[in-house]
Each structure stands twice: as C-alpha cells, then as structure tokens.
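> I'll drop the sequence and a predicted model, then ask my questions.
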Amino acid sequence: MKHIPLPQPGIAALLLLMGAGPGLADPAQPAADHTPKSEFHLPPSADQGRDPFFPGSLRLWAGPLKDSRPAAAPMNLVLNGLSGSATHRFAMINGRTLAEGEESELSTSGSRIRVRCLKIEADSVTVLADGERRVLKFQHP
C-alpha cells in the first residue's frame, strides 16, 4: 500500500478556501471565464472624450488619412514589332524580343517591370505586366 502524506492543517484549510477541496471543483469541467471584456467607443467629438493612450491627440477626429505613397509610374509598354513564322512568333516590346510564354524585365519610363508574353496574334500581343493583363496593339507607321 502506497503512503500519501497529508498536507498540514494550515495548508488544508487554505486549499479548501481556494476551492481545491474534495467535491468543490470537477476537473472534467473547465472553469467558467468571468473576465470582463474591454470596450472602447469613440466619442463623437474631442469635447466628449479622449483617447486613453494618447490623451493629447486629436487624430481620432482628424478625418480619413491620405495615402502618402508615391503614385505608381505609368506602364508605357509599346509593341515595336512582330516577327517569326506562323508557328513560332516573336513580339518586340519596348525593344526586347519575347516569344509566347517568355518572361522578362522591361524598362519603362523611369522603372522596370516584369512582363510575361501570353499570346501573340497577327497585330496584337497579350501580356501580363506586374499582375495586370494588357493587350498591346501594333501601331503601323
């Protein structure tokens, strides 16, 4: 028979007060969480309330934020020419020759973009330029 030492009387009383006594807590049942949830409601104006973390700030009532990122450079893609046989076509875009399915970085006005040649037709090319599908038409001189 295994001997289990009993806690001292002061500790047993403390355990009973904490709810750890026999029959008081069912280990199979999880303890109910009675933690109150925090809520923050934005007052309609600065006179009626303030941000508890930044009390001197008026940013909550300043209006919508403006986008401070620079505007994307326009993608100036130009179909310079078409060549090749009927079964194996090539397209020259911004001075770079591409076949169907080929991908390359092309220079545009002030930036470089990733372009994938999807389809070459008789007078146009369909490309995927930085995730945007575009059809480039051949401008006859």
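Thanks, I have it. Note that the coordinates shown come from a computational prediction; the quantities given were computed from them, not determined experimentally.

> end-to-end on stretch 89-103?
In stretch 89-103, first residue to last residue: 15 Å (CA to CA, to the nearest Å).

> hmm, who's touching it?
76-84, 88, 104, 106-108, 114-120, 125, 127, 136 (CB atoms under 8 Å, 6 or more residues apart in numbering). Glycine gets a C-beta too; all of them are placed from N, C-alpha and C.

> now, which of these lie within strands?
Using DSSP state E, the members of these that fall in strands are 79-84, 104, 106-108, 114-120, 125, 127, 136.

> now the buried members of these.
Those of these that meet the buried threshold are L79, L82, L106, T108, V115, R116, C117, I120, V125, V127, L136, by 16 or more other CB atoms under 10 Å.

> how about CSV for the residues you listed, with pLDDT and distance to A46 added?
Output for these, formatted as CSV (pLDDT from 0 to 100; distance: CB to CB, whole Å):
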residue, pLDDT, distance to A46
L79, 92, 56
L82, 92, 63
L106, 88, 51
T108, 81, 46
V115, 93, 50
R116, 94, 52
C117, 95, 56
I120, 94, 61
V125, 95, 57
V127, 94, 52
L136, 93, 53
